[in-house]
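Enquirer: I would like the atomic coordinates for the input below:
(2 chains)
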Amino acid sequence: MSKIFAQGLVCPLDKNNVDTDQIIPKQFLTSVSRDGFAEAMFFDWRYLADGSPNPDFVVNRPEYKGASILLTRANFGCGSSREHAPWAIKQYGFTVIIAESFADIFFNNSVNNAMLLIQLSKTNIDLLFNRCQQGPQQWQIDLASQEIMFGNNAAMGFNIDADIKQRLLSGLDFIGSSEQLNSQIADYEQSRKASQPWLG
Amino acid sequence: MAKTLYQKIYASHVVGKLNPSTDLLYVDRHLIHEVTSPQAFSGLKLANRSVRRPDLTFATMDHNVSTQRRSIDAAGETSRKQLEALAANCDENRIPLLDLTHPDQGIVHVIGPEQGLTQPGMIIVCGDSHTSTHGAFGALAFGIGTSEVEHVLATQTLPQQQAKTLKVEINGELSGHVTPKDVIMAVIGKLGTAGGNGYVAEFSGRAIRAMSMEGRMTLCNMSIEMGAKAGLIAPDQITFDYIKGKAHAPKAEHWDGAVAYWQSLYSDADAVFDTVVEIDAAAITPQITWGTNPEQVMAVDQSVPSPDSFTDATKRDAAERALAYMGLEPGQKLTDCKVDVVFIGSCTNSRIEDLRAAASVVQGKKVAAGVRALVVPGSGVVKRQAEAEGLASIFKDAGFEWREPGCSMCLGMNDDRVEAGQRCASTSNRNFEGRQGRGARTHLVSPAMAAAAAIAGKFVNIAAVANEKGDRA
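Expert: Down below sits the predicted model:
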């Protein structure tokens, strides 16, 4: 079975411990909307003090314009729980992030926005960065077969939690799936009230 | 089978199974604030859903409120709109809100415990990573994103998978002038900023048992800075005494039943943790960060490390970048380093005990020339108590700004910012690039160390100063 989750240009962001303050700084968090964060992504790295694009920042380089796969290193998305971080990344156009590891809250937030986060060993991440050094890369991500396909029949496999894979493939509504357990929630509330009446 | 405290709390909250490895857990308390909730409420409305348990949901205004004056429009137009959105959403859904007109308003992780909303054995969530703070009470408490906030509002539950368990045992006794802040910074320095990823960390050992609730909260608050999903401390008499009599504490007729249940909340003696770390409390000294993430930390009497001293190439590169950003040279002593700003506040260190520690250093002295120093109490309750105890006058007489409660300069969402290139001694929790303002250079320290830096105009080894004075407190 094959199911292409995403395909496109890869942008290599060669950094460890990218925190969510870097992904989207505080001044953009006063919005009450879910939209409009694409321009704010990596703001302090992406723009110079005068507001013009920083030509040295990888995302701004012409060869990575239109990238949809973000390749990075360890502990991506650490720090604040702000979901504005994955919103900004997705609204910019990335639907897949490949990294050595992710911070837990960022990982959940991204999955809840139907993004695919792929975790690979340091050795494999190094191999992917090496590929990017050879020139701009166009990859396909097959979620069903769990493979990153480089073209010319070359591919690298990845692991993913079965439940998350199922959610991404089926596109099930996050809240709707839990609401199917509504009667169990009501039962739990009943017994909770009886055994721990102080909880309300 | 023997269980850890985390496993006990997890098991007691399972409503049902969603998938082979995903459980639906019941949430006992949902704390919300203005920044991460508006999109959740609009999502609910769009899907025609309502708030299932407004009575288990509590709101406050903290992240972007002005701390100069207690007014909804004091922090600018966009902040006002966000604060108004929270007020309207709470009103529409009958959710209790401690707004700016309420005398007890404050930082969500300060007011939860203060109001008695935080209790042992609960699952507590909030759209804020420092929700880990509430783990100090033996509650499983963790930060969530806005989609999850919406999920909890709609169902009072959250899909979860079991985390791995980490035991951090702090044995022995802390030396004088070593605070819970120094302990957690030393732990993060040892385990790294991602060392806790995938784990729930339980802190135990004699040094933890000896800590007050304020100290335990500081410790659990920063467990997210090593990536842990949550920090936990088993409740004991100190916990029960703190809760008793608080506004939302169990009522008299339920008190004994609640305490009896709480007393069952500990890791069984033969429970197996996935990882165990033991730390000698006596070996911990006052800490300070030198870099741009909380694992880049050292004892204040050490010298700034050379990037070459790191064998790991990743850590070497990170150190190089951090030193360039921080404007520091390898081998430099931070005790020779001038500070421009001092911030005492945040959900890490803005409680009464923190302010007492800072005030005891400040008493009778003046803030050094050229230093901007502010104290931002964590809540209205803390503020009133500090004023009643005379702490506020000590700060004001010394030249500190004495502010209204809020998150303030921890993240600079309001107008309290550190300017580019300025060096700040901060009692907050994150020294990330740009966190306190673009180009701001943050050094995380304990409240006493921050206060001492304000007086000296440079960083100070609080232990050495105290020893010179012959004060072995």
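
Enquirer: quick one: the biggest helix by length in chain A to chain centroid distance?
Expert: Using DSSP state H to assign secondary structure, the helix with the most residues in chain A is helix A:182-195. Taking C-alpha atoms, centre = their mean, to the nearest Å, one finds the center of helix A:182-195 at 35 Å from the center of the full chain.

Enquirer: which neighbouring elements make contact with that helix?
Expert: In terms of contacts (3 or more C-beta pairs under 8 Å, 6 or more residues apart in numbering or on different chains; DSSP states H and E), helix A:182-195 is packed against strand B:14-19, strand B:22-26. No exception for glycine: its C-beta is placed from N, CA and C like everyone else's.

Enquirer: which outside residues touch the helix or strand encompassing residue B:83?
Expert: Element membership for residue B:83, per DSSP states H and E: helix B:77-93. Applying C-beta atoms under 8 Å, 6 or more residues apart in numbering or on different chains, the contact partners of helix B:77-93 are A:30-32, B:32-35, B:37-38, B:41, B:50-51, B:54, B:57, B:59, B:61, B:64-66, B:72-73, B:95-97, B:99-100, B:153, B:413-414.

Enquirer: hang on, the earlier thing: which of the helices and strands packed on helix A:182-195 sits most buried?
Expert: For the helices and strands packed on helix A:182-195, the largest average neighbour count (mean count of other C-beta atoms under 10 Å in any protein chain shown) is found in strand B:22-26, namely a mean of 22.

Enquirer: and the next helix or strand past that one?
Expert: Following strand B:22-26 in sequence order, the next helix or strand is strand B:29-32 (DSSP H and E).

Enquirer: C-alpha coordinates for that following strand, PDB please?
Expert: Extracted C-alpha coordinates of strand B:29-32, given in PDB (Å, rounded to 0.1, in the frame of the first residue of the first chain):
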ATOM      1  CA  ARG B  29      -8.900  21.000  36.600                       C
ATOM      2  CA  HIS B  30      -8.500  23.000  33.400                       C
ATOM      3  CA  LEU B  31      -6.800  26.400  33.900                       C
ATOM      4  CA  ILE B  32      -7.000  28.900  31.000                       C
END
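
Enquirer: mean pLDDT per helix and strand in chain A: which one sits at the bottom?
Expert: helix A:162-170 (a mean of 92; mean pLDDT, DSSP states H and E).

Enquirer: give the contact list for residue 152.
Expert: Using chain A here. Counted by C-beta under 8 Å, 6+ apart, residue A:152 has zero contacts.

Enquirer: let me rephrase: I mean chain B.
Expert: Residue B:152 neighbours (C-beta under 8 Å, 6+ apart): B:27, B:30, B:125, B:144, B:158.

Enquirer: which SSE is it in?
Expert: Using DSSP H and E, residue B:152 maps to helix B:146-155.

Enquirer: return the distance of that helix from the chain's centre.
Expert: From the chain centre to the centre of helix B:146-155 is a distance of 23 Å (C-alpha atoms, centre = their mean).

Enquirer: list of residues touching the strand ranked longest in chain A?
Expert: Ranked by residue count under DSSP state E, the longest strand found in chain A is strand A:4-12. With contacts defined as C-beta under 8 Å, 6+ apart, strand A:4-12 is touched by A:58-59, A:64, A:66-72, A:94-96, A:116, A:128-129, A:132, A:136-143, A:168.

Enquirer: return the members of the residues you listed classed as buried.
Expert: Buried members of these, counted by 16 or more other C-beta atoms under 10 Å in any protein chain shown: A:58-59, A:64, A:67-72, A:94-96, A:116, A:128-129, A:132, A:137, A:139-143, A:168.

Enquirer: three-state assignment of residue B:256?
Expert: Three-state assignment for residue B:256 (DSSP: H, G, I helix; E, B strand; the rest coil): helix.

Enquirer: residue A:69 touches residue A:139, doesn't it?
Expert: Yes - counting by C-beta atoms under 8 Å, residue A:69 does reach residue A:139; the two are 6.0 Å apart.

Enquirer: what helix or strand is residue B:7 on?
Expert: Assigned by DSSP H and E, residue B:7 belongs to helix B:5-11.

Enquirer: give me the buried positions along that helix.
Expert: Neighbour counts over helix B:5-11 (16+ other C-beta under 10 Å) mark B:5, B:6, B:7, B:8, B:9, B:10 as buried.

Enquirer: who touches the fourth one in this structure?
Expert: Right, the one you point to is residue B:8. Counting by C-beta under 8 Å, 6+ apart, residue B:8 has contacts B:264, B:265.

Enquirer: what about residue B:437, how many neighbours?
Expert: For residue B:437, the count of nearby residues is 22 (other C-beta atoms under 10 Å in any protein chain shown).

Enquirer: residues contacting the nearest residue to it once chain neighbours are set aside?
Expert: What sits nearest to residue B:437 in space, not counting adjacent residues and going by C-beta to C-beta, 6 or more residues apart in numbering or on different chains, is residue B:417, at 3.7 Å. By C-beta under 8 Å, 6+ apart, the contact set of residue B:417 is B:409, B:436, B:437, B:440.

Enquirer: in what helix or strand does the second one lie?
Expert: No secondary structure element spans residue B:436, as it lies outside all helices and strands (assigned by DSSP H and E).

Enquirer: you'd agree it is up against residue B:413?
Expert: No - with contacts counted by C-beta under 8 Å, residue B:436 stays clear of residue B:413, the gap being 10.6 Å.

Enquirer: with neighbour numbers in mind, choose between these two.
Expert: Comparing residue B:436 with residue B:413 by other C-beta under 10 Å, the one with more neighbours is residue B:436, at 29 against 25.

Enquirer: leaving out chain neighbours, which residue sits closest to that one?
Expert: residue B:418 (4.1 Å).

Enquirer: neighbours of the one you found, how many?
Expert: For residue B:418, the count of nearby residues is 24 (other C-beta under 10 Å).

Enquirer: repeat for the one 3 residues further on
Expert: Here the count is done by other C-beta under 10 Å, and residue B:421 has 11 residues near it.

Enquirer: pLDDT at it, what is it?
Expert: Per-residue pLDDT puts residue B:421 at 97.

Enquirer: please apply the same query to residue A:200.
Expert: 87.

Enquirer: residue A:1 too?
Expert: In this model, residue A:1 is scored at 64, pLDDT.

Enquirer: what does residue B:464 give?
Expert: pLDDT recorded at residue B:464 is 85.

Enquirer: which SSE is it in?
Expert: Residue B:464 belongs to helix B:462-468 when assigned by DSSP H and E.
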